[in-house]
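[1] Output the structure for:
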Amino acid sequence: QVQLVESGGDLVQPGGSLRLSCTISGSTLRYHAVEWFRQAPGKEREGVTCISSSGGITNHADSVKGRFTISRDVDKGTVYLQMNALKPEDTAVYYCAAEPLTCPPIGDVDEFRYWGQGTQVTVSS
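    Numbering: from 1, shown residues only. Prediction:
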């Protein structure tokens with residue numbers, strides 16, 4: 001049984017940074033692409049960025065390009081989301097999801113079978 005656990009969410013001031021972690025168990029990152037999604041209150045779930053099973057392909061939503069970076073440590077089974085220059089509009093519950101070997105078009109929730117429980121990120125002064 002593949003399970004994902006996110007951590008690292010917090011309250012941060014605008015302009016600040018935060019790093020989220022997503023740890024997989026029951027499988028290895030060598031077999032899964034992992035995408036970060038986020039969902040703000042009253043809004044649909046939005047794809048943020050994705051890293052493929054080979055680690056060589058990432059997709060970023062336009063809203064986070066140049067600010068958010070995805071990376072991974074295969075031995076630790078962990079995917080990271082480094083978020084810099086945070087804005088109030090980045091406030092959301094952040095989820096990681098895993099399933100296919102390659103990254104689908106960003107935000108395609110139907111492509112992902114496994115989901116974490118989410119971690120809250122709040123950007124506010």
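[2] backbone phi and psi for residue 104, please?
    phi -80, psi 180 (degrees, to the nearest 10).
[3] For it, which residues are in contact?
    Neighbouring residues of residue 104 by C-beta atoms under 8 Å, 6 or more residues apart in numbering: 33, 50, 111. For the C-beta atoms, the positions are set from N, CA and C on the backbone; glycine is no exception.
[4] ok, now residue 123?
    By C-beta under 8 Å, 6+ apart, the residues touching residue 123 are 12-14, 16, 86-91.
[5] again, only this time at 6 Å
    Applying C-beta atoms under 6 Å, 6 or more residues apart in numbering, we find residue 123 in contact with 12, 14, 86, 88, 90-91.
[6] do residue 121 as well
    Taking C-beta under 6 Å, 6+ apart, we find residue 121 in contact with 9, 94.
[7] re the thing from before, just the buried ones from the contacts of residue 123?
    Among these, those classed as buried by 16 or more other C-beta atoms under 10 Å are 12, 86, 90-91.
[8] I'd like to know which of those are part of strands.
    Counting by DSSP state E, the part of the buried ones among the contacts of residue 123 found in strands is residue 12.
[9] Which one of the buried ones among the contacts of residue 123 is nearest to residue 101?
    residue 90 (28.7 Å; C-beta to C-beta).
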